[in-house]
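Trainee: Sequence first, predicted coordinates after that:
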Amino acid sequence: METHQPLTLLCLGHMRWEHVWQRPQQLMSRFARRCRVIYADPPEIVGESDRPHLREEPGAAGVRVLRPIFPYNMLDTPGDNYRELWLSLLPQMLDVAGPNTILWVSSPLANYLVAAALPRVKLAVYDCMDDLASFRDGGQMLRDREAHLLQLVELVFAGGHSMYEARKTLHAHVYCFPSGVDVDHYRQVQDPDSAEPAPIAWIPRPRLGYFGVLDERIDWPLIAAIADLRPKWQWVLVGPTAKVRSSEMPGGPNLHYVGQQAYAALPAYLKGFDVATMPFALSEATRFISPTKTLEYLAGGKPVISSSVPDVVAFYRQIVAIADGPAAWIETIECLLHAAPEERQARQDRAIPVLDANSWDGIAARMWEIMTERLART
């Protein structure tokens, strides 16, 4: 390893840095305590530029953010396309990173970028945080590109046990790292002096809450049925929408969409939930997910109900209520709402060792140890 150059971690992100604060931001902000971190946003296509270039964007927690800018007219020009524009900017991004660089990607769509960058990086890591091929608009193309990516990288971190099981025989160095939690951040919920945010303070109780991306993984018919059968129960849905049409999302007087909120504000919203929910549809898109919000809800001390997502059932069923279908959800929520104080406390006590074992600080430290050991061997 070249010691005269600072070690840099270059993350080719598949979501914007300012998007929902989740696994990439949690990890990169912690790696920034150990090395330089550069986060590359997905490209932005603009009409007013005459050439592709990199634009500096606001970062956070020591992370430098660069965004590729693609001119719209160059995408329309015969012979030029998205991939070629990316490849034209990659050398410049690698120059900024320097010769002592760890390359980090989270999407199979980055396979051609990894292939092009390999001669100039010390280590390539694939953080498989989602099984993107199972999502809407996924499919065989993404599976083929992931197979190629697995041939290129030296380390694979799987963001859940189901994803790990599906990939552990496909690469020699696959490690299971389900998403973690910043316990102190979400324990603010239990501060008696903290207040609910104004956008939901007026909403009657009881409130069934969710925060996260609102997309095709949500069981919208389930939410609609519960809202119709229990009109006095209020749904509070916090987060941006993606890959879902507005016509798929139910409406009504007891359904409240409050949009994307800053990570710093999420504990206040969680404080306003009476029951924290994970109403995921049971489909290919949720077969491999390991929801980060499971631990975040639990750190806030809230009762949690989830559909029978495999990873939740396998690892949290002693702490999280599991139900499928409107009737079972309604019955289970009734029990959670009317649980005795000692029952609530027992659930929180069972959550403590699980939370302590899954902090983002601990996950980042273990990942860093694996990466630096691998660097030392090369």
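Mentor: Thanks, I have the structure now. Numbering: from 1, shown residues only.

Trainee: For the helix or strand bottoming out on mean pLDDT in the chain, list every residue counted as buried.
Mentor: When each helix and strand of the chain is scored by mean pLDDT, DSSP states H and E, helix 72-76 comes last, with a mean of 80. Neighbour counts over helix 72-76 (16 or more other CB atoms under 10 Å) mark residue 74 as buried. Every residue, glycine included, has its C-beta placed from N, CA and C.

Trainee: so what's residue 358 closest to, chain neighbours aside?
Mentor: residue 180 (4.6 Å; CB to CB, 6 or more residues apart in numbering).

Trainee: hang on, the earlier thing: list the helices and strands the least confident helix or strand of the chain packs on?
Mentor: strand 44-46, helix 82-97 (3 or more CB pairs under 8 Å, 6 or more residues apart in numbering; DSSP states H and E).

Trainee: any idea how far the shortest one is from the chain center?
Mentor: Same thing as strand 44-46. 24 Å (CA atoms, centre = their mean, to the nearest Å).

Trainee: Neighbouring strands - and their directions - for it?
Mentor: strand 63-71 (parallel) (DSSP bridges).

Trainee: outside of the strand it pairs with, which residues touch it?
Mentor: Applying CB atoms under 8 Å, 6 or more residues apart in numbering, the external contacts of strand 63-71 come out as 17, 25, 28-29, 32, 36-47, 49-59, 82, 85-86, 89, 93, 96.

Trainee: Among those, the buried ones, what's the PyMOL command?
Mentor: Buried residues among the contacts of strand 63-71 (16+ other CB under 10 Å), as a PyMOL selection:
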select buried, resi 17+25+28+29+32+36+37+38+39+40+41+42+43+49+52+54+57+59+85+86+89+93+96
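
Trainee: coming back round to it: pretty sure the residue nearest to residue 358 is touching residue 359, no?
Mentor: Yes - in this structure, residue 180 is within contact of residue 359 by CB atoms under 8 Å, at 5.6 Å.

Trainee: More neighbours: which of those two?
Mentor: residue 180 (21 against 17; other CB atoms under 10 Å).

Trainee: Would you mark the buried spots in the host helix or strand of residue 115?
Mentor: According to DSSP states H and E, residue 115 maps onto helix 111-117. Neighbour counts over helix 111-117 (16+ other CB under 10 Å) mark 111-114, 117 as buried.

Trainee: List of residues touching the helix or strand just after that helix?
Mentor: Per DSSP H and E, the first helix or strand lying C-terminal to helix 111-117 is strand 123-128. Under the contact criterion CB under 8 Å, 6+ apart, strand 123-128 has outside partners 23-24, 27, 102-106, 114, 117-118, 146, 149-150, 152-159, 163, 167, 371, 374-375, 378.

Trainee: just checking, what packs against the helix or strand following strand 123-128?
Mentor: Downstream of strand 123-128, the first helix or strand assigned by DSSP H and E is helix 140-152. Applying 3+ CB pairs under 8 Å, 6+ apart, one finds that helix 140-152 contacts helix 111-117, strand 123-128.

Trainee: Quick one: work out the angle between helix 140-152 and strand 123-128.
Mentor: 150 degrees (axes from the mean of the first three to the mean of the last three CA atoms, to 10 degrees).

Trainee: Residue 337 and residue 206 touch, don't they?
Mentor: Yes - with contact defined as CB under 8 Å, residue 337 counts as touching residue 206 (5.6 Å).

Trainee: Residues that sit against both of these two, list them.
Mentor: In contact with both residue 337 and residue 206: 274-275, using CB under 8 Å, 6+ apart.

Trainee: Can you give the distance from the lengthiest helix in the chain to the centre of its chain?
Mentor: Longest helix of the chain, by residue count under DSSP state H: helix 360-377. Centre-to-centre, helix 360-377 and its host chain are 20 Å apart (CA atoms, centre = their mean).

Trainee: CA atoms of that helix as CSV?
Mentor: Extracted in CSV, the C-alpha atoms of helix 360-377 (Å, rounded to 0.1, in the frame of the first residue of the first chain):
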residue,chain,number,x,y,z
TRP,A,360,-23.5,1.3,13.1
ASP,A,361,-20.3,2.1,14.9
GLY,A,362,-19.6,-1.6,15.5
ILE,A,363,-20.6,-2.6,11.9
ALA,A,364,-18.3,0.1,10.4
ALA,A,365,-15.5,-1.0,12.6
ARG,A,366,-15.8,-4.6,11.6
MET,A,367,-16.0,-3.7,7.9
TRP,A,368,-13.0,-1.5,8.2
GLU,A,369,-11.0,-4.3,9.8
ILE,A,370,-11.9,-6.7,7.0
MET,A,371,-10.9,-4.1,4.3
THR,A,372,-7.6,-3.1,5.9
GLU,A,373,-6.7,-6.8,6.4
ARG,A,374,-7.4,-7.4,2.7
LEU,A,375,-5.3,-4.3,1.7
ALA,A,376,-2.4,-5.6,3.8
ARG,A,377,-2.5,-8.9,1.8
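
Trainee: Would you map the strands across the stretch 251-378 of the chain?
Mentor: Secondary structure of the stretch 251-378 of the chain (DSSP state E, counting those that start in this stretch): strands located at 255-259, 275-278, 304-306, 321-322.

Trainee: Can you tell me which helices and strands the second one packs against?
Mentor: I take that to be strand 275-278. Going by 3+ CB pairs under 8 Å, 6+ apart, strand 275-278 lies up against strand 207-211, helix 293-299, strand 304-306, helix 326-337.

Trainee: coming back round to it: in CSV, could you pull the C-alpha coordinates for the least confident helix or strand of the chain?
Mentor: In CSV, the C-alpha atoms belonging to helix 72-76 read as follows (Å, rounded to 0.1, in the frame of the first residue of the first chain):
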residue,chain,number,x,y,z
TYR,A,72,-28.9,16.4,-22.2
ASN,A,73,-28.0,17.1,-25.8
MET,A,74,-25.0,14.7,-25.6
LEU,A,75,-27.3,11.9,-24.6
ASP,A,76,-29.3,12.6,-27.8
